[in-house]
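J.: Structure, please.
(one chain, ligands or ions: 1)
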Amino acid sequence: MKHGFSRYFRALGSLPALLGVPLLFYGCQSGAFTEDEGAIHPMNRSQELAASGPGTNYAIDDPFTAARTAWWRQDRFGMFIHFGAYSHYEGEYTSPSGSVCKNAEWIKRECNIPMSEYEQFAKTFNPSGFDANAIASLAADAGQRYIVITSKHHEGYAMWPTKVNTWNLRDHSAFDKTRDILAELKRASDARGVKLGFYYSIWDWHDPDFPNASTFPKYKERMYAQLKELITNYHPAILWFDGEWDTTNPYNPWKAEDGEQLEAYLRDLDPNLIINNRVGKRRVADGDTGTPEQEIPNEPVLGQLWESCMTINGSWGYARHDQNWKSVTDLTRKLTTIASRSGNYLLNVGPDALGRVPAEAATRLRGMGSWLRANGQSNAVYQAESPGVVDEPSWGVVSRRGNKLYASVYNWPASGGSLTLHARTSFNVTGARVLGSSQTVNATRSGDTVTIRPNGGRVGDPTVIEVGIATAAPTPAGSGTGLSAQFWPNANFSGEPTVRRTDARVNYNWKFTGSPASQIPAETFSSRWTGSIEPRYSEAYTFIAMSDDTVRLWIDGQLVIDNTSPHGPQIDRGTVTLQAGHHHTIRLEQTERGGEASMKLLWMSPNTPQEIVPVTQLYPSP
Ligand code: H79
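T.: Presented below is the predicted three-dimensional model:
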């Protein structure tokens, strides 16, 4: 993507190359991080290391298959907690003139509360009823395997005793000065095997240096310091950013370059962190996870893990006036729908002014937990994913765990009726049963239609039918070593390539500052990978390219992806039928014409979950 931004990050030297350490990005905006008295200096450490530059790849692994993300991909269900100084209002503000304004976590802005008054009110915030053990127990009872709590929302108020400023629950409240609710929640979560992550808003309505491009670097320094506190003091499993978008009132200076720098900084502090895409500009090239909000994508998301965050009523922060609670059935259907499309569900609760989770929310969460535990329905959710081998039906959703399909039935057939599935590949049906029922279930396949006929009533909503399948065995993993790669220091493949090598996989996120090799400038280059690809199943494979600025992909000489209009990080796809064990020729081209650059090649098929095409199945040109 073309960008007019100056490159303010420069390679400072070759220390990482000498040490043989992976190149990560540590540039500083020149003059950005000043020596404020008493401030923590997050960039000092980074200055000891060298900056990145040409040769840097920011893609640290394949999030679809990495051990780092394994728990997140299996656990599927988390608790979001919105809790901050806004919770003290419980969703209602009465202005000095007596008029009442209703909102929740945006109450300061939407109800035009002057900051001085907001600060004054926060001094009396005393969430003495915050019970971390009760919250972690509730999450565990609900079947939620992780918690993400707001450490700082847009109001800028820190929920832990940060040393960076006094706008926090320790220094600016009526709360017990010996308590630290994030530490309490960490301990309580650990004790129950529940992972803990932190939401952190980039957008900050309180810090006077935030909304001004010239002072923003000072804000960024404090933000880095706070994030370092969170990582080193509480070891979160997830950092969940928000408030990255372009906006005024107040103005938000956050740019994609800021995201590139921040993500590298965080991954150096903790390489196991899972980071959402709002760390950058909410794009497929940013962070590990896509973040649909209050919506569920219609199909599995391409190119990135994903998680839908949703409210349990209609508000994120506690709002007394909002009694619009979703039903257990609605919430459970959302959970199965999300799992059937290989996503995660981050379901929010907003504790009240005293820090207590509303009883209405707790009841519903426990109802979901009961459903998950009742008859093995949890198999439809944990470690389950998009089925691949069948289309999504109109009567519900289908998830898959190995050779079991879990059909979550929303619309149960009338007596004697049946449910049908459309098959995308060859497999046999080996049997079926309704979880929690002894009724017989007839399941047969004829052509591409699988017919499932239960012989009794439903068991809960959704009712889950487990369908056993036998799929064709894959051919053994290949013995590939990767594709032949060539790189040119120009955008049109002209002349001899400067770099030739074998690439184990095509998994590059060069962003603004990186490039394929130290000899290739970050601004302008072209890349070509050739060789052959060996599928392990005979079926339709969809190739997925995440690219920036252009991409073309040929399989067996056929152009299956063709996007030569220069673009920012973008997904393109093309589908071809391949033969198991056969070597199909492949040619992939990418060009970079300024700004950011990336090139990832993924595939999926009915029996292959989405992944970066693995090295074992790629062979260089002869
Ligand atoms: O933290 C939660 C929200 O506060 C935040 N993201 C989730 C996870 C969020 N930011 N923006 N939005 C949600 C959507 C923006 C909604 C808006 Fe409005 C409509 C902003 C102004 C009008 C909602 C209604 C917020 C204030 C009034």
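J.: Now do the SS call for the residue nearest to residue 383 when sequence neighbours are not counted.
T.: Excluding its sequence neighbours, the residue lying closest to residue 383 (Cβ to Cβ, 6 or more residues apart in numbering) is residue 74, at 4.5 Å. Any C-beta I mention is one placed from the backbone N, CA and C, and that applies to glycine too. Following DSSP: H, G, I helix; E, B strand; the rest coil, we place residue 74 in the helix state.
J.: Show me what residue of the protein gets nearest to the ligand.
T.: Nearest residue of the chain to the ligand: residue 106, at 3.6 Å (Cβ to the nearest ligand atom).
J.: Next, the contact list for that residue, please.
T.: 86, 154 (Cβ atoms under 8 Å, 6 or more residues apart in numbering).
J.: tell me the pLDDT at it?
T.: With respect to pLDDT, residue 106 scores 98.
J.: Repeat that for the one 5 residues further on.
T.: What the model reports for residue 111 is a pLDDT of 98.
J.: Quick check, it in contact with residue 95.
T.: Yes: here residue 111 reaches residue 95: they are 7.5 Å apart, a contact under Cβ atoms under 8 Å.
J.: most remote residue from this structure's center?
T.: Taking Cα atoms, centre = their mean, the residue of the chain most remote from its mean C-alpha position is residue 97, at 43.9 Å.
J.: contacting residues for residue 151?
T.: Contacts for residue 151 (Cβ under 8 Å, 6+ apart) come out as 158-160, 182, 198-200, 226, 230.
J.: Residue 425 touches residue 580, doesn't it?
T.: No: in this structure residue 425 lies outside contact range of residue 580 using Cβ under 8 Å: 11.5 Å.
J.: Now list whatever residues contact both of these two.
T.: By Cβ under 8 Å, 6+ apart, residue 425 and residue 580 have these common neighbours: 472, 537.
J.: and the next element down the chain from the lengthiest helix in the chain?
T.: The residue-count maximum for a helix in the chain (DSSP state H) belongs to helix 216-234. Remark: after helix 216-234, the chain's next helix or strand is strand 238-242, criterion DSSP states H and E.
J.: tell me the mean pLDDT for that following strand?
T.: Mean per-residue pLDDT for strand 238-242: 99.
J.: how about that strand: buried residues?
T.: Judged by neighbour count (16 or more other Cβ atoms under 10 Å), strand 238-242 contains these buried residues: 238-242.
J.: Show me which pair in those is furthest apart.
T.: The span of those, defined through Cβ to Cβ, is set by 238 and 242 at 12.6 Å.
J.: if we can go back for a sec, let me know the closest of the contacts of residue 151 to residue 491.
T.: Among the contacts of residue 151, residue 200 lies closest to residue 491 (Cβ to Cβ), at 37.3 Å.
J.: And the closest one, which helix or strand is it part of?
T.: Counting by DSSP H and E, the element that carries residue 200 is strand 195-201.
J.: What helices and strands are in contact with that strand?
T.: strand 77-81, strand 146-152, helix 181-191, helix 216-234, strand 238-242 (3 or more Cβ pairs under 8 Å, 6 or more residues apart in numbering; DSSP states H and E).
J.: Give the partner strands of it in its sheet and their orientations.
T.: When pairs are called by DSSP bridges, strand 195-201 turns out to pair with strand 146-152 (parallel), strand 238-242 (parallel).
J.: What's the mean pLDDT across the longest one?
T.: Looking back up the chat, that one is strand 146-152. Rounded mean pLDDT across strand 146-152 is 99.
J.: Please identify the buried residues of stretch 133-150?
T.: For stretch 133-150, by 16+ other Cβ under 10 Å, it's 135-136, 138-150.
J.: Which member of the residues you listed is positioned nearest residue 605?
T.: For the buried residues of stretch 133-150, the nearest to residue 605 is residue 145 (28.5 Å; Cβ to Cβ).
J.: tell me which residues in the helix or strand harbouring residue 560 are buried?
T.: Per DSSP H and E: residue 560 is located in strand 558-563. Using 16+ other Cβ under 10 Å as the test for burial, strand 558-563 gives 560-561, 563.
J.: Then stretch 98-118?
T.: The neighbour-count check on stretch 98-118 (16+ other Cβ under 10 Å) flags 102-109, 111, 113, 118 as buried.
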